[in-house]
Each structure stands twice: as C-alpha cells, then as structure tokens.
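Student: quick check, what structure comes out for this input:
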Amino acid sequence: MSGAGELSGRTALVTGASRGIGRAIAVALGGMGAKLFVAGRRAAELEQTCSAVRALGVECEALVGDLRERAWMERFERIATSLDVLVHNAAAFAPYAPLERVDPARIDEVLDVVVRAPLALTARVAPAMKARGFGRIVSIGTIAAAHGAEGQVAYSTAKSALLGFTKSLAAECARHGVTVNLVEPGLIATERIAEAVEPRFQERLLANVALGRAGAADEVANAVAFLCSPRAAYITGEVLRVSGGFGVGLYAR
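Tutor: Here you go, the predicted model:
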C-alpha cells in the first residue's frame, strides 16, 4: 500500500467508523501503521472495523457510544492527549422533508454530532498536537454544503459549518505543525446511501457526475489518508472534493 509505515508510532481516532467511509478511513490509516481508536454507536459493526484494522498488524480499540454522551466523552478524554490524527466522520441525518416538517429535536441531533462534537473533541486534542509539533485533523463534509440538498436543510447547514471550522482552526494551528483540512465526498456507494437515498434520486445525482458513477468508500479514504500523511505537511485549510467531477461541464449527461 502506498504510504505504508508513514504513520508508524502515531495514534489516530476516526469517528463514525462502524461502516462505510469511516471504516475505510480506519483501514487506510491502519495500513499506514497508525494505532487506531474507532468510535461509533454500533458495537458489532465497530468490532468488525477493529478486526479489519488488526488484520493489518496494528492495534485497534473500539470506543462504543454516542459522541454526545458524557460517559463517552470521559473515555475519550483519557486518550485525547495521545492522538496525532483526528478524523471527524460521524454524522447524523434528519428525515428527508421540508424544513418546516422536521422535528426540532432531530435538527439539534444533527448540529450536535456534525458541529458541536468536532469542536469539543478538537479542543481537547489540539493542545497536545501543538506541543508535539505534529497533528492531522480532517473533517468529512459533503458537496451538499455548497450545492444544497432539497429535504436535508439541517444536514447541509451543519456540514457547511465545517468550512469555517477548517479555515479558522488551520490558521490557529499552522505554526505548530498541525494541519486541518476538509474532504467533501459526492455520491459514494455506502450502506447509508443505499438505505436513505432512493435509486431515482441517485440517478439524478449521477447525471451531474463527470465520471458517470458513484464513488467507493476506499476512494474517499485514500484522500483522507494522504492528508494525514507527512507528505501533506504543506497542505492546510483546504477543501478537497472527492466527487467524480460533480458539476463539471455545463450540461448534465
């Protein structure tokens, strides 16, 4: 694997790592030699992620629970100062509906997981990264933040906040060897997409994708892994789209 060993001796946490993009990121970082902590709410699926990482010959520990709960945060605080890499991948989604029909409690959940959790986790991790002179913080956004997504106003709003988070934190951390970047996937063939997005809507999205296909979780993970590597030391405050060329060209195909 390209980059094998580049993160040996480093420790990483990937949130939302039970399956899909999060699992692929954890495996990619493990393939580079990093010791992994993986977070998620599905214990059995999270253990499958750990098994895939351990098969690469590196350590992996599951932090099962909800990022919003105090008990989970207490477990996280015990490892926070050891982290060299932090990937904010956890997400929450309100039901597809016009904004006025969405339960305010579901909107709060989206904001808590997508915006408030990264702020809270990073505040506990950044000081130790700065002190060591090395850190990689990558957030997983979405092209819906820039283009909008009908029926998902809360989700698009929350993901949009990650741009300001990335730019501002990058400015704060740059002189300390800590880089902060944002990866924005397009339509990726994951379990969640299969469950939540009807095939007819996927087809409409693909009509605007230059490559004409959905992406794979590994293709997002490869981009994240590069940004977490020493090779990306001069890249910070940037937005990298992994969308197959969504929106490229004047006409949908």
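Student: which one is residue 210 nearest to, not counting chain neighbours?
Tutor: residue 245 (2.9 Å; Cβ to Cβ, 6 or more residues apart in numbering). Every C-beta, even on glycine, is put in place using the N, C-alpha and C of the backbone.
Student: so the one you found makes contact with residue 213?
Tutor: No. The pair residue 245 / residue 213 is not scored as a contact, 10.6 Å apart, by Cβ atoms under 8 Å.
Student: do you know how far the residue nearest to residue 210 is from residue 252?
Tutor: According to Cβ to Cβ, to the nearest Å, residue 245 and residue 252 sit 12 Å apart.
Student: now the element after the worst-scoring helix or strand of the chain on mean pLDDT, going C-ward?
Tutor: Within the chain, no helix or strand scores below helix 191-196, which has a mean of 77 by mean pLDDT, DSSP states H and E. As assigned by DSSP states H and E, the chain's next helix or strand after helix 191-196 is helix 199-206.
Student: where are the low-confidence patches of this protein?
Tutor: 1-2 (pLDDT under 70).
Student: ok, now how distant is residue 13 from residue 79?
Tutor: 7 Å.
Student: what about residue 189, neighbour count?
Tutor: 14 (other Cβ atoms under 10 Å).
Student: now do the strands in the stretch 51-200 of the chain.
Tutor: 60-64, 85-88, 135-140, 178-185 (DSSP state E, counting those that start in this stretch).
Student: what lines up beside the last one in the sheet?
Tutor: It stands for strand 178-185. Within its sheet, and counting by DSSP bridges, strand 178-185 is paired with strand 135-140 (parallel), strand 239-242 (parallel).
Student: so how far is it off the chain centroid?
Tutor: 9 Å (Cα atoms, centre = their mean, to the nearest Å).
Student: and what of the third one?
Tutor: The chain centroid and the centroid of strand 135-140 are separated by 8 Å under Cα atoms, centre = their mean.
Student: which outside residues touch it?
Tutor: Strand 135-140 is contacted by residues 16, 21, 84-89, 91, 118, 122, 125-126, 129, 162, 165-166, 169, 173, 176-185, 220, 224, 227-229, 232 when judged by Cβ atoms under 8 Å, 6 or more residues apart in numbering.
Student: one more pass at 7 Å, please.
Tutor: Under the criterion Cβ atoms under 7 Å, 6 or more residues apart in numbering, residues 21, 84-89, 118, 122, 129, 162, 165-166, 169, 173, 177-183, 185, 224, 227-228 lie in contact with strand 135-140.
Student: in stretch 78-87, what's buried?
Tutor: Residues of stretch 78-87 classed as buried: 80, 83, 84, 85, 86, 87 (neighbour count, 16 or more other Cβ atoms under 10 Å).
Student: same question for stretch 57-72.
Tutor: 58, 60, 61, 62, 63, 64, 65, 66, 67, 68, 72.
Student: what's the answer for stretch 8-22, then?
Tutor: Buried-residue list, stretch 8-22, by 16+ other Cβ under 10 Å: 10-22.
Student: any idea how far apart the tips of it sit?
Tutor: End-to-end distance of stretch 8-22 (Cα to Cα, to the nearest Å): 20 Å.
Student: thanks a lot, see you next time.
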